[in-house]
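Colleague: prediction below, plus the sequence it came from.
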Amino acid sequence: MNRKETLELLIKIEEAIEHFEKRVGDAEWSNAFSYGSEFPSIRKKNRHNIVIYGMCINRLEERFSEQLNKLK
């Protein structure tokens, strides 16, 4: 993988991290102000999704660091 491809991959990884951070924010908002505040089953599913999204973000951050180290 050349330098340009690595940089493009880093951009894609960063966009994916931002996507999951937005989904975490949406789920937290839903639990606080929307259906999650009214229905326990939705609140439980949102909490579960937040955990899963956090795991995805952590893995993407690891991949980002690995690719960044390869770039040096």
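Modeller: Nice, thanks for sending it over.

Colleague: C-alpha only now, for contacts and for neighbours.
Modeller: Noted.

Colleague: need the residue closest to the centroid of this structure.
Modeller: F20 (2.6 Å; CA atoms, centre = their mean).

Colleague: quick one, phi psi at that one?
Modeller: Dihedral pair for F20: phi -70, psi -30, per degrees, to the nearest 10.

Colleague: give me the pLDDT value at the closest residue to it other than its chain neighbours.
Modeller: Counting by CA to CA, 6 or more residues apart in numbering, Y53 is the residue found nearest to F20 once chain neighbours are left out, at 5.9 Å. At Y53, the predicted lDDT confidence score is 97.

Colleague: can you tell me the element Y53 falls in?
Modeller: For Y53, the element it lies in under DSSP states H and E is helix 40-71.

Colleague: so which elements touch that helix?
Modeller: helix 3-33, helix 35-38 (3 or more CA pairs under 8 Å, 6 or more residues apart in numbering; DSSP states H and E).

Colleague: try 6 Å
Modeller: Helix 40-71 is packed against helix 3-33, with contacts defined by 3 or more CA pairs under 6 Å, 6 or more residues apart in numbering; DSSP states H and E.

Colleague: buried set for the helix it packs on?
Modeller: 6, 9-10, 13, 16-17, 20-21, 23-24, 27-28, 30-31 (16 or more other CA atoms under 10 Å).

Colleague: present these as a markdown table; the columns should include pLDDT and distance to R63.
Modeller: Below are the buried residues of helix 3-33 laid out as a markdown table (pLDDT from 0 to 100; distance: CA to CA, whole Å):
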| residue | pLDDT | distance to R63 |
| --- | --- | --- |
| T6 | 92 | 11 |
| L9 | 96 | 10 |
| L10 | 96 | 9 |
| I13 | 97 | 8 |
| A16 | 98 | 11 |
| I17 | 98 | 11 |
| F20 | 98 | 15 |
| E21 | 98 | 16 |
| R23 | 97 | 20 |
| V24 | 97 | 20 |
| A27 | 94 | 24 |
| E28 | 94 | 25 |
| S30 | 91 | 29 |
| N31 | 90 | 30 |
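
Colleague: how close does E66 sit to G25?
Modeller: Distance, E66 to G25, by CA to CA, to the nearest Å: 26 Å.
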